[in-house]
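# everything below, folded, please.
(chains A and B)
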Number of protein chains: 2
Amino acid sequence: MLPAALGWRAPRRGNAGGSGTLIHHVNAEDSGAELRGVDPATGGTLDPPYRESGSADVDRALCAASDAADDLARAPAVQRAAFLRAAAEELVALGDTLLNRAHVETALPLARLQGERIRTVNQLRLFADHIEEGSWVEARIDTADPARAPVPRPDVRRMLVPIGPVVVFAASNFPLAFSVPGGDTASALAAGCPVVCKAHPAHPGTSELAAGAIARAASRSGLPTGVFGLVQGWSHDVGLAMVRHRFTRAVGFTGSLRAGRAIVDAAAAREDPIPVYAEMGSINPVFLLPSALAEQNDKLADGLVQAITLGVGQFCTNPGVLVGPRGDALDRLSARLAERIGRAESGTMLYARLHEAYERGLDRARALGAAVLASGPAGTPGRARPALLAVQAERFLASPELGEEIFGPVSLVVSAEGQGELVRVAESLEGQLTATIHGSARELEQYARLVDVLRRKAGRLIFNGFPTGVEVGHAMHHGGPWPASSDARTTSVGSAAIARFARPVCYQNFPEASLPPALRNRNTLGIWRLVDGRTTRDDLPAA
Amino acid sequence: MLPAALGWRAPRRGNAGGSGTLIHHVNAEDSGAELRGVDPATGGTLDPPYRESGSADVDRALCAASDAADDLARAPAVQRAAFLRAAAEELVALGDTLLNRAHVETALPLARLQGERIRTVNQLRLFADHIEEGSWVEARIDTADPARAPVPRPDVRRMLVPIGPVVVFAASNFPLAFSVPGGDTASALAAGCPVVCKAHPAHPGTSELAAGAIARAASRSGLPTGVFGLVQGWSHDVGLAMVRHRFTRAVGFTGSLRAGRAIVDAAAAREDPIPVYAEMGSINPVFLLPSALAEQNDKLADGLVQAITLGVGQFCTNPGVLVGPRGDALDRLSARLAERIGRAESGTMLYARLHEAYERGLDRARALGAAVLASGPAGTPGRARPALLAVQAERFLASPELGEEIFGPVSLVVSAEGQGELVRVAESLEGQLTATIHGSARELEQYARLVDVLRRKAGRLIFNGFPTGVEVGHAMHHGGPWPASSDARTTSVGSAAIARFARPVCYQNFPEASLPPALRNRNTLGIWRLVDGRTTRDDLPAA
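The predicted structure follows:
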């Protein structure tokens, strides 16, 4: 058994990555039940064994995070940026070891994992660039007016500071980009917050390797080991103990509505409630307007089949419902989709429970009256077959459960009677990560009411495209009204994600020397600031 | 009895303000128990009678708000700004009627209320200016790259949009600036969110007058009546029904920890949890470093007595605890404070229950071992006597209840043994709106550890000043870690407060004509935008 996971001692050689360097996890030696990765394609368990973390491990990790918090908060942006870039380098340096381990633990194809590693590394570098640029702290300065009557106006200077230790729950479906070294970890570390990550139990080996990379990067960058900790295992209690821990200041999560809700509730029940950024369910509706159905029918079918079946449908942005006006054109599209989905290969899902939930979801939709237009060829047992379902809008509106996410390679065609019913379907939806409209620019104006409703429902509106593929940039918003995410005001993808892990502090009448560099008269950081209401990079005149 | 409060019908003449115009409240005619203002100075009830709202009234107000939401969201910034400025004008036009009513309902002096009206009007105008300038929507544009491999980069454009109907709970201690026409209402309306306000039951007449002013302003600005609604009464159930209503998208609150917690819990228990911005308790610690005690003893005493007794101590930023190194200088300051507080006039608190709570708080502190250094002269019964308490740091650290707020004109002197114990006292504190340090610039560097701890505990750090007096500007942060506020990431004072009532939406590959003006290539609004990571007001080249 792997010599598991000391309070920041280097374990013996021989762990999954074979790196032999500091692996940064928190289990007390020889405590905890054995935890093994499983190859979902075969059901076979994998070597080496790891250990389930317990609540004492959680306490140790969060105390270390708390001890490291001031150091990390005080570290200059260039040092934190160097840390993020070093983490990217260390991930790349793991080479095929990392990809192969992720492949056997998740059944995701190696090509996909290569792409995911590029994305993960780019995310770390994006945040490094973002904090080096530095304007993210939203510095605001209102200068003093000693002559103001009846009382002088004080000098007030505000900026964002790190919120404190952050707990990150890794996602099952992105073993890198939304897991241990993923967006939540990158944005929290960038903001200056120590991270304690709960590995997804379906990929303990991948998590261990990535955690080692981050720990080595911290060490190379001169930061204390407590800036990053890893917790392993299936136990919900351990996860909730992380949410409830007195030092935890915020939580990031990507996963199911059920697990997300449990975390949100635990955080809200604390004596001091803390923010939770949970990205949860979404069915990502696609609205097909008449011109698209008439003129783009074939192209639409291509794009939709790909979006529905990509990665065995295991994307948060999988298009789970396709809504169009009842008629020949929609029937033609449905037939095309059914024909292709009926031929589409089955695939191994990330882990067995997820596949079981997929099958239950299909059964539930059928029981609610959805017709099965296609179900992929009977394949190997244990592999999920892509499916296409259909229902009339009236039935959809009468059965809100049909609007719940079925995680996997399936979509439901909803045929609506004219624009009025189309809009009613949109109105009936819960909050969404995305909503898509296919049509002409002119139709977009004709359907302004639909756009209004969808803007209220979703975080990202897509025109003539497909929701899968979430661009990592400055303008991306990945989040939406409940249950898409628990906090629609924030994104979990893109540079704006850093704001989740910061809060403002203002300094009143502080002497220049005791102000943080971002708030001093001389703008040595060269950041954009709001000075007396004016956006500028200028220095202030010396007092 | 006043013919109370129809669903947006003009009531008959004869209400408190005698304005005879549209008063915008929501009670069904003749429903609800009688509700009367009370003069806290005499205990006598005031004319005219109002009515307690019921849950049907709440439903009516929030349905109207929801109906008005799209119109308000689509209204151009200039129209919303005109609405806010018209509300300011209408408030001023109420003249002495408003001030006199507020005076009899709260016992606050007219001079103070005049100042509060100026502040309230300035807040409305600040938000009008802020949305006319327009950069608050945080527009971000990542342009397309059709040549990118392996897939083209889409065009992604993000901005903030209104979150939807907002429920505002008015505060007792600011009948204007934190009540019906106060900061929460102003910032929510500025963001484009309809507001349903729960009047504080201690000032129903003031609330009715202010609501009429806002309703008239909406009408003058061509906005639907549903953009603002008023709910009256003492009932907690009605308040919680507002929080639980399906159309409510966010809540603003200023008041006690107990009431705030009930609201936070109700919002968290919803099927779709919503954000609550509750500003609650704070004891606003003041740390007195050796040089200030030695050299500024007299000046400190002046400032502290004023800050403690101002407005009968009924400020969120009242300095409730004074921490200094044990010794002659602190004793000298305590004696000075005791002497003056012992002579300070008693005062009528906002309402009887608040005065009772103040007396209970003093009893509790005494029972926990606090010594009474001074208690104002025995005055008229029912008036609160200013008080000064003292305790050694060791006792303070052993009794966390001594760190709880006593709302009223009292402060507790805590004497600490050296810098170590001073920092331990700071570490023991809960979250605070403010923390103040008096000393020299050099001491600020010597006590860097204290500053670090206080930055973690508080939203605003003040050097050589007093926490009372919250400047309304761009850089102000009024909020802090729990229990100072329920969401330390946001402020309830200053222009940044608008962000509480907005969420981002991004548009992917939308045609120019269907984009909101803030996101079009031509920057006709002249706002600051982040274009491909660069802060600019330039247009984009036409596509």
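
# hey, where'd the helices end up in the stretch 351-500 of chain A?
Along the stretch 351-500 of chain A, the stretches classed as helices by DSSP state H, counting those that start in this stretch are A:352-367, A:393-398, A:418-428, A:441-446, A:448-457.

# I'd say A:P377 and A:R385 touch.
Yes: A:P377 lies in contact with A:R385 (Cβ atoms under 8 Å); the separation is 7.2 Å. Backbone N, C-alpha and C define where each C-beta goes, glycine included.

# now mean neighbour count and distance to chain B too, for the helices of the stretch 351-500 of chain A, in TSV please.
Below are the helices of the stretch 351-500 of chain A laid out as TSV (neighbours: other Cβ atoms under 10 Å in any protein chain shown; distance: least, Cβ to the nearest Cβ, whole Å):
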stretch	mean neighbour count	distance to chain B
helix A:352-367	15	19
helix A:393-398	18	17
helix A:418-428	18	12
helix A:441-446	15	4
helix A:448-457	19	6
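
# any chance of CSV for those, columns mean pLDDT?
Below are the helices of the stretch 351-500 of chain A laid out as CSV (pLDDT from 0 to 100):
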stretch, mean pLDDT
helix A:352-367, 94
helix A:393-398, 98
helix A:418-428, 96
helix A:441-446, 96
helix A:448-457, 96
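
# quick one: closest of those helices to A:T524.
helix A:448-457 (40.9 Å; Cβ to Cβ).

# how far off centre is the closest one?
24 Å (Cα atoms, centre = their mean, to the nearest Å).

# which strands or helices does that helix pack on?
helix A:418-428, strand A:432-438, strand A:458-463 (3 or more Cβ pairs under 8 Å, 6 or more residues apart in numbering or on different chains; DSSP states H and E).

# could you redo the last one with a cut-off of 7 Å?
Other helices and strands packing on helix A:448-457, by 3 or more Cβ pairs under 7 Å, 6 or more residues apart in numbering or on different chains; DSSP states H and E, are helix A:418-428, strand A:432-438.

# next one: the longest one to chain centre, how far?
With Cα atoms, centre = their mean as the basis, the distance from the averaged C-alpha position of helix A:418-428 to the chain average is 30 Å.

# and the stretch 101-250 of chain A, which of its residues are near chain B?
By Cβ under 7 Å from any Cβ of the partner chain, the residues of the stretch 101-250 of chain A that approach chain B are A:135, A:140-142, A:151, A:153-154, A:156-158, A:161.

# now list the buried members of the residues you listed.
A:135, A:140-142, A:154, A:156-158, A:161 (16 or more other Cβ atoms under 10 Å in any protein chain shown).

# can you list these in TSV and add pLDDT and secondary structure?
TSV is the format used below for those (pLDDT from 0 to 100; DSSP: H, G, I helix; E, B strand; the rest coil):
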residue	pLDDT	secondary structure
A:S135	98	helix
A:R140	98	strand
A:I141	98	strand
A:D142	98	strand
A:P154	97	coil
A:V156	98	strand
A:R157	98	strand
A:R158	98	strand
A:V161	98	strand
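
# of all the residues you listed, which two lie farthest apart?
Taking Cβ to Cβ, no two of these sit farther apart than A:S135 and A:P154, at 24.4 Å.

# got the phi and psi for A:G252?
phi -110, psi 140 (degrees, to the nearest 10).

# now for A:H200: which residues touch it?
Contact analysis of A:H200 by Cβ atoms under 7 Å, 6 or more residues apart in numbering or on different chains lists A:170-172, A:179, A:207.

# what does A:D487 give?
Counting by Cβ under 7 Å, 6+ apart, A:D487 touches A:275, A:277.

# closest to A:A69 among the contacts of A:H200?
Checking the contacts of A:H200 against A:A69 by Cβ to Cβ gives A:A170 as the nearest, at 21.4 Å.

# in stretch A:67-84, what's buried?
In terms of neighbour count (16+ other Cβ under 10 Å), stretch A:67-84 has its buried residues at A:67-70, A:72-73, A:75, A:77, A:80-84.

# repeat that for stretch A:43-52.
For stretch A:43-52, the neighbour count (16+ other Cβ under 10 Å) marks A:46, A:48-52 as buried.

# now do the same end-to-end measure for stretch A:514-528.
20 Å (Cα to Cα, to the nearest Å).

# do stretch A:99-117 as well
8 Å.

# pLDDT of it, averaged?
Averaging pLDDT along stretch A:99-117 yields 96.

# for A:L350, give me its contacts.
Listed by Cβ under 7 Å, 6+ apart, the contact set of A:L350 reads A:40, A:106-107, A:172-173, A:202, A:314.

# go again using 10 Å as the cut-off
A:40, A:105-108, A:171-175, A:200, A:202-203, A:311-312, A:314, A:407 (Cβ atoms under 10 Å, 6 or more residues apart in numbering or on different chains).

# okay, and which of those map to helices?
With DSSP state H as the criterion, helices contain A:105-106 from among these.

# check which residues of the helix or strand hosting A:L126 are buried.
Assigned by DSSP states H and E, A:L126 falls within helix A:110-133. By 16+ other Cβ under 10 Å, the buried positions in helix A:110-133 come out as A:112-113, A:116-117, A:119-121, A:123-128, A:130-133.

# what about A:L389, distance to A:S411?
Distance of A:L389 to A:S411, computed by Cβ to Cβ, to the nearest Å: 7 Å.

# err, A:I527, not the other one
Here the criterion is Cβ to Cβ. By it, A:I527 lies 45 Å from A:S411.

# settle it for me: which of the two has more neighbours?
Between A:I527 and A:S411, A:S411 has the larger neighbour count (other Cβ atoms under 10 Å in any protein chain shown), namely 29 against 19.

# please report the distance of that one from A:P285.
Distance from A:S411 to A:P285, by Cβ to Cβ: 10 Å.

# so what sits against both of these two?
Contacts common to A:S411 and A:P285, judged by Cβ under 10 Å, 6+ apart, are A:319-322.

# out of these, the closest to A:A338 would be?
Using Cβ to Cβ, these come closest to A:A338 at A:L322, 11.9 Å.

# how about that closest one, secondary structure?
Recorded secondary structure, A:L322: strand (DSSP: H, G, I helix; E, B strand; the rest coil).

# ok, it - contacts?
A:285-288, A:300, A:304, A:308, A:330, A:333-334, A:337, A:388-390, A:411-415, A:436, A:438.

# same question, A:D363
A:I406.

# show me the contacts for the residue nearest to A:D145 when sequence neighbours are not counted.
Spatial nearest neighbour of A:D145, excluding adjacent residues (Cβ to Cβ, 6 or more residues apart in numbering or on different chains): A:R153 at 3.9 Å. Counting by Cβ under 10 Å, 6+ apart, A:R153 makes contact with A:142-147, B:471, B:473.

# likewise A:V92?
By Cβ under 10 Å, 6+ apart, A:V92 lies in contact with A:98, A:117-118, A:120-121, A:213.

# pull the most distant pair out of these.
Longest span within the contacts of A:V92, Cβ to Cβ: A:I118 and A:A213, 15.1 Å.

# ok so, going back, of the shared contacts of A:S411 and A:P285, which is the nearest to B:L230?
The nearest member of those to B:L230, counting by Cβ to Cβ, is A:V321 at 40.1 Å.

# what parts of the stretch 301-450 of chain A come near chain B?
Residues of the stretch 301-450 of chain A found near chain B (Cβ under 10 Å from any Cβ of the partner chain) are A:430-431, A:434, A:436-437, A:440-445, A:447-449.

# A:A259 should be in a strand, yeah?
No: counting by three-state DSSP, A:A259 is not found in a strand; it is helix.
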